[in-house]
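**Q** have a look; sequence and predicted model below, questions after that.
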Amino acid sequence: MRIVLNGQQAFGQAVLEALLDRGDNVVAVYCEPDTDPGRKDPLHQSAQDSGIEVIQPKSFKGEQVLINFKSLRPDLAVMAYVTRIVPSSFLNAPTHGTIQYHPSLLPAHRGPSSINWPIIQGEKETGLTIFWPDEGLDTGPILMQQKVAIGPDDTLGSLYFDKLYPLGIEALLRSIDLVKNGDAPRMVQDESKASYESWCNDDSARVDWTQTTANIYNLIRGCNPQPGAWTNYPAGIVRFYDAKIAEMKGEPGSIVAISSEGIVVATVDGAIEIRRLRENDGPKIPAADSSLRVGTSFSLG
């Protein structure tokens, strides 16, 4: 089966290497245009090192892009971390169509930050979906799903790299085999259970100290490592990363203690111990090594 891989970054690279390791016939790789001439996307580099044609269109729209794609005679397109809209003419061109990885249990958490939001919203479970994309946003029929527990201390980073990343590669490989064997299902998504969230960015990541300890803790770990939950203080902005729930009381948004482990900030119903942070544009450092002191107050929200 002639496979075209469309993706980017480390996940796309890992999927390519897994396909090549087991002898799949990857005839071309599509990835994002290079933004830094001196530094290739990891998927681009891996494909080039393997002697696979690399194609980097600025858009998937347009007749010539489609003609070039069809000339590859693809049997299946595999999308591994694709953030741009791909038109249905492109998706449907391969003999068996296109399958895509999405790191949530669709139709829940459609959108570009689908790993952040389940953590921020305090959910105990998420997962991954391999689906047949259409022109909607994460709306196509489902081929396969796998559930993943969200641990009480999971962060965006741990949930992705320790769970959704490796399981996603395995799920894509299993899905490709189902397509090869003619056994790949197409289960229509239940729109009554659908949800969508946009990018988890600084607008979403600001800490509101009038929220509960649990809500603030979930925000910090759901934004760790990106974009980093943040708050204002007299010297600028502080971003929080590693954190724990603490048993202390005080004025919400104020630092009530400092230890060798970090700083403790009071909330409306308890406290958060911040163990790693970043002041303004500085590096990430242990919170105990920061300039923050007992009595410093953060903006409430």
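**A** Okay, I see it. Numbering: from 1, shown residues only.

**Q** how many neighbours does the closest residue in space to W209 that isn't next to it in sequence have?
**A** Excluding the flanking residues, the one nearest W209 by Cβ to Cβ, 6 or more residues apart in numbering is G253, at 3.6 Å. Every C-beta, even on glycine, is put in place using the N, C-alpha and C of the backbone. Using other Cβ atoms under 10 Å, G253 has 22 other residues around it.

**Q** isn't G253 up against G295?
**A** No. In this structure, G253 is not within contact of G295 by Cβ atoms under 8 Å, at 11.6 Å.

**Q** surely N116 touches C200?
**A** Yes. The criterion here is Cβ under 8 Å, and N116 meets it with C200 at 3.9 Å.

**Q** N232 contacts T296, doesn't it?
**A** No. Checked against Cβ under 8 Å, the pair N232 and T296 is beyond contact range at 11.2 Å.

**Q** domain map for this structure?
**A** Listed by automatic domain parsing, the domain ranges of the chain are 2-193, 204-289.

**Q** for these, give me a markdown table that also has mean pLDDT and distance to L300.
**A** Output for the domains of the chain, formatted as a markdown table (pLDDT from 0 to 100; distance: least, Cβ to Cβ, whole Å):
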| stretch | mean pLDDT | distance to L300 |
| --- | --- | --- |
| domain 2-193 | 97 | 19 |
| domain 204-289 | 97 | 5 |
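
**Q** got a markdown table for those domains, with distance to G301 too?
**A** A markdown table is the format used below for the domains of the chain (distance: least, Cβ to Cβ, whole Å):
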| stretch | distance to G301 |
| --- | --- |
| domain 2-193 | 15 |
| domain 204-289 | 4 |
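
**Q** who are the contact partners of V238?
**A** By Cβ atoms under 8 Å, 6 or more residues apart in numbering, V238 lies in contact with 230-232, 277-280, 290, 292, 298.

**Q** what does R186 give?
**A** 132, 141-143.

**Q** next one: D154
**A** Residues in contact with D154, defined by Cβ under 8 Å, 6+ apart, are 119, 221.

**Q** make it 10 Å
**A** Counting by Cβ atoms under 10 Å, 6 or more residues apart in numbering, D154 touches 115, 118-119, 124, 126, 148, 160, 162-163, 221-222, 224.

**Q** mind checking which of those residues land in helices?
**A** When DSSP state H defines the helices, the subset of those inside them is 118-119, 221-222.

**Q** need the contacts of D154 in TSV with neighbour count and distance to S89, can you?
**A** Below are these laid out as TSV (neighbours: other Cβ atoms under 10 Å; distance: Cβ to Cβ, whole Å):
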residue	neighbour count	distance to S89
I115	24	30
P118	26	33
I119	25	36
K124	10	40
T126	23	32
V148	20	34
Y160	18	32
D162	14	38
K163	21	35
R221	27	41
G222	26	36
N224	24	40
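
**Q** of those residues, closest to F60?
**A** Nearest to F60 among these is I115, at 24.1 Å by Cβ to Cβ.

**Q** ok, which stretches of the stretch 151-300 of the chain are strands?
**A** Read by DSSP state E, counting those that start in this stretch, the stretch 151-300 of the chain holds these strands, from start to end of the chain: 229-233, 236-240, 243-246, 255-258, 263-266, 271-274, 276-279, 284-286.

**Q** most packed of those strands?
**A** Looking across the strands of the stretch 151-300 of the chain with neighbours counted as mean count of other Cβ atoms under 10 Å, the highest average goes to strand 263-266: a mean of 26.

**Q** residues making contact with that one?
**A** In contact with strand 263-266 (Cβ under 10 Å, 6+ apart) are residues 207, 209, 213, 216, 231, 238, 240, 243-244, 246-258, 270-275, 277, 286-288, 290, 292-294, 296-298.

**Q** let's see it at 8 Å
**A** Contact with strand 263-266 is made by 209, 246, 248-258, 271-274, 277, 287-288, 290, 292, 298, as judged by Cβ under 8 Å, 6+ apart.

**Q** tell me the two of the contacts of V238 that are most distant?
**A** Pairwise distances among the contacts of V238 were taken by Cβ to Cβ; the largest, 15.0 Å, belongs to N232 and S290.
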